[in-house]
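> Mind folding the following:
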Amino acid sequence: MSTKRRVTLALLAMATAAVVVAGGFGVRADLQHRSRDDLRAAAVKVAESQALALMTITADNVDERMQRLTKSTTGDFQRQLEGIKRTFVDVVHKGKVVSTGEVRGSAIREIDESSALVLLALDTQVTNAETKKPKDVPYRIIVQLTRKEERWLVSGMQFVQ
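Residues are numbered from 1 along each chain as shown. Got it, this is the predicted structure:
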C-alpha cells in the first residue's frame, strides 16, 4: 500500500472517530437537556396541582383536598399542615366556603436535582356564608419543592404580594 493511501486512510479513520465522538457528546447533551426539561416540567406540575388543591375547595371536598395535599408534602411543612388541618377544615365547613382557583402563570425561580422554587400566580373566586356574590381574590405563591425518590414533594408554601 502506498504512503499516500495510508495517510488518506489514517485521516479518514481520524475523521470518522471525530464524528463519532462529537455525535456522542451531542446525544449526551440532548439527553441532559431533555432530563432538565422533564425535571422542570414535573416540578411545575406538582406545584400547580398542590396550590390548586388548596385553592379549589368546598365543604364537600376540603377533607379530601387536605389529605391529598398532606400526602404530597414533607418536612416541617408537612408537620405544620397536619397541625392546622382540623382548624382549616372546620373554618371551611362552618363558613360554607366555596373557592375556585385557576393558575394564571408559573415559573421556575430555582431548580437543581433535589430542590426547586416555583412561582405561581393564581386567581380565585370565593364565596362564603356571609358573601353570596363571588369575590375575586388573586394569590401569588412561592412553592418550595424537595425531590425524594424521584418524586417532588411540597416542603414549603409562601403567599406573597
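
> export the helix or strand where I84 lies as PDB, just CAs?
Assigned by DSSP states H and E, I84 falls within helix 75-95. Below are the C-alpha coordinates for helix 75-95, written out as PDB (Å, rounded to 0.1, in the frame of the first residue of the first chain):
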ATOM      1  CA  GLY A  75     -40.600  18.000  56.500                       C
ATOM      2  CA  ASP A  76     -41.600  21.000  58.600                       C
ATOM      3  CA  PHE A  77     -44.300  22.000  56.100                       C
ATOM      4  CA  GLN A  78     -46.000  18.600  56.500                       C
ATOM      5  CA  ARG A  79     -45.900  18.900  60.200                       C
ATOM      6  CA  GLN A  80     -47.300  22.500  60.100                       C
ATOM      7  CA  LEU A  81     -50.100  21.400  57.700                       C
ATOM      8  CA  GLU A  82     -51.000  18.500  59.900                       C
ATOM      9  CA  GLY A  83     -51.200  20.900  62.900                       C
ATOM     10  CA  ILE A  84     -53.600  23.300  61.200                       C
ATOM     11  CA  LYS A  85     -55.600  20.800  59.100                       C
ATOM     12  CA  ARG A  86     -58.500  20.300  61.500                       C
ATOM     13  CA  THR A  87     -58.900  24.100  62.100                       C
ATOM     14  CA  PHE A  88     -58.800  24.800  58.400                       C
ATOM     15  CA  VAL A  89     -61.400  22.100  57.600                       C
ATOM     16  CA  ASP A  90     -63.700  23.400  60.400                       C
ATOM     17  CA  VAL A  91     -63.400  27.000  59.100                       C
ATOM     18  CA  VAL A  92     -64.300  25.900  55.500                       C
ATOM     19  CA  HIS A  93     -67.300  23.800  56.800                       C
ATOM     20  CA  LYS A  94     -68.700  26.500  59.200                       C
ATOM     21  CA  GLY A  95     -68.100  29.400  56.800                       C
END
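
> name the helices or strands packed onto it?
With contacts defined as 3 or more CB pairs under 8 Å, 6 or more residues apart in numbering; DSSP states H and E, the secondary structure elements packing on helix 75-95 are helix 62-71, strand 151-160. Quick note: C-beta positions are derived from backbone N, CA and C, even for glycine.

> can you list contacts of the last one?
This means strand 151-160. Strand 151-160 is touched from outside by 42-43, 46-47, 50-51, 54, 69, 72-77, 115-116, 139-147, with contacts defined as CB atoms under 8 Å, 6 or more residues apart in numbering.

> Identify the residues contacting the nearest residue in space to E48 that is not next to it in sequence.
Residue nearest to E48 in three dimensions, not counting chain neighbours: V103, with 5.0 Å by CB to CB, 6 or more residues apart in numbering. Taking CB under 8 Å, 6+ apart, we find V103 in contact with 48, 51-52, 120-122.
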